[in-house]
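**Student:** build the 3D model from these lines:
(chains A and B)
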Amino acid sequence: SQTIHQWPATLVQPVGSPLSLECTVEGTSNPNLYWYRQAAGRGLQLLFYSVGIGQISSEVPQNLSASRPQDRQFILSSKKLLLSDSGFYLCAWSVLLGPAYEQYFGPGTRLTVT
Amino acid sequence: AQSVTQLGSHVSVSEGALVLLRCNYSSSVPPYLFWYVQYPNQGLQLLLKYTSAATLVKGINGFEAEFKKSETSFHLTKPSAHMSDAAEYFCAVRSNYKLTFGKGTLLTVNP
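**Tutor:** Numbers count the residues shown, from 1 in each chain, chains lettered A, B, ... in the order given. Okay, the predicted model is just below:
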């Protein structure tokens, strides 16, 4: 069966520091991968998605970036964090099987920028 | 572009009462629709999905949703609420590779 991992689970970082969040998927090949952010009371915001290695689409201009160095690895990064980057970051995957290709979510990373 | 609107950011019910969470969609093509549940500090879990195979869709934990094209709705229901149903619920519509989510409805279950 497929599983998705995210780490770390929680992170407290000072403003201006770098960021690296990692997501890996097991049990499937060539998944679509997604990064979302949930700010308090603001629903889910799609940040990036990837349909293959090295292929990244950005949904929202910001100081975050994403990379996909391996088929089942998706990394979210920042060179300098802002206070507004605080939130709950969720990684998700989907595969093109059937008409719906629903997304499956990881456990999330709670980021607090101080 | 496809979108969904969830009516009511907060719904409160008594334990054992009917749960009704509302979702309306906007789509120029037949939509693929989803309901997800999120418990505090956890990721989203898929409850059910509509793929045009049947208008009444049954999901996990006793939830079901009915697709009504004439009303552009996909409301989520459960006949009898349990305390464990307290969570945030998100409706979503598929658009190409992506899902567009509603703003969520927080369900509170009172003893």
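**Student:** for A:R68, which non-adjacent residue is spatially closest?
**Tutor:** A:S50 (4.6 Å; Cβ to Cβ, 6 or more residues apart in numbering or on different chains). (Glycine included, C-beta is placed from N, CA and C.)
**Student:** and for the one you found, the neighbour number?
**Tutor:** 20 (other Cβ atoms under 10 Å in any protein chain shown).
**Student:** who touches it in this structure?
**Tutor:** Applying Cβ atoms under 8 Å, 6 or more residues apart in numbering or on different chains, we find A:S50 in contact with A:32-34, A:56-57, A:66, A:68, A:74.
**Student:** who wins on neighbours among those residues?
**Tutor:** A:F74 (30 neighbours).
**Student:** so what's that one bridging to?
**Tutor:** For A:F74, the beta-bridge partners are A:C23 (DSSP bridges).
**Student:** that one contacts A:P31, correct?
**Tutor:** No. Using Cβ atoms under 8 Å, A:F74 is not in contact with A:P31, being 9.1 Å away.
**Student:** go ahead and confirm B:S95 touches B:Q2.
**Tutor:** Yes. The pair formed by B:S95 and B:Q2 meets the contact definition of Cβ under 8 Å, at 4.5 Å.
**Student:** more neighbours: the two, which one.
**Tutor:** More crowded of B:S95 and B:Q2, by other Cβ under 10 Å: B:Q2, with 19 against 15.
**Student:** so of the contacts of A:S50, which ones are in strands?
**Tutor:** A:32-34, A:56-57, A:66, A:68, A:74 (DSSP state E).
**Student:** mind putting those in CSV, pLDDT included?
**Tutor:** Shown next, in CSV, are the ones in strands among the contacts of A:S50 (pLDDT from 0 to 100):
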residue, pLDDT
A:N32, 92
A:L33, 95
A:Y34, 95
A:I56, 94
A:S57, 92
A:A66, 96
A:R68, 96
A:F74, 97
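**Student:** for chain A, give the residue positioned nearest to chain B.
**Tutor:** A:F105 (3.7 Å; Cβ to the nearest Cβ).
**Student:** what's around the nearest residue to B:L20 once chain neighbours are set aside, how many residues?
**Tutor:** Sequence neighbours aside, B:T77 is the residue nearest to B:L20 in space, at 5.4 Å (criterion: Cβ to Cβ, 6+ apart). Here the number of neighbours of B:T77 (other Cβ under 10 Å) works out to 14.
**Student:** from the chain's centre, how far out does the strand or helix carrying B:T77 sit?
**Tutor:** Take DSSP states H and E as the rule and B:T77 turns out to sit in strand B:73-78. For strand B:73-78, the gap between its own C-alpha mean and the chain's C-alpha mean amounts to 6 Å (Cα atoms, centre = their mean, to the nearest Å).
**Student:** so what are the sheet partners of that strand and their directions?
**Tutor:** Here strand B:73-78 has these sheet partners by DSSP bridges: strand B:19-26 (antiparallel), strand B:64-68 (antiparallel).
**Student:** got the buried residues for the first one?
**Tutor:** If I follow you right, that is strand B:19-26. If you call a residue buried by 16 or more other Cβ atoms under 10 Å in any protein chain shown, then strand B:19-26 has these buried ones: B:19, B:21-25.
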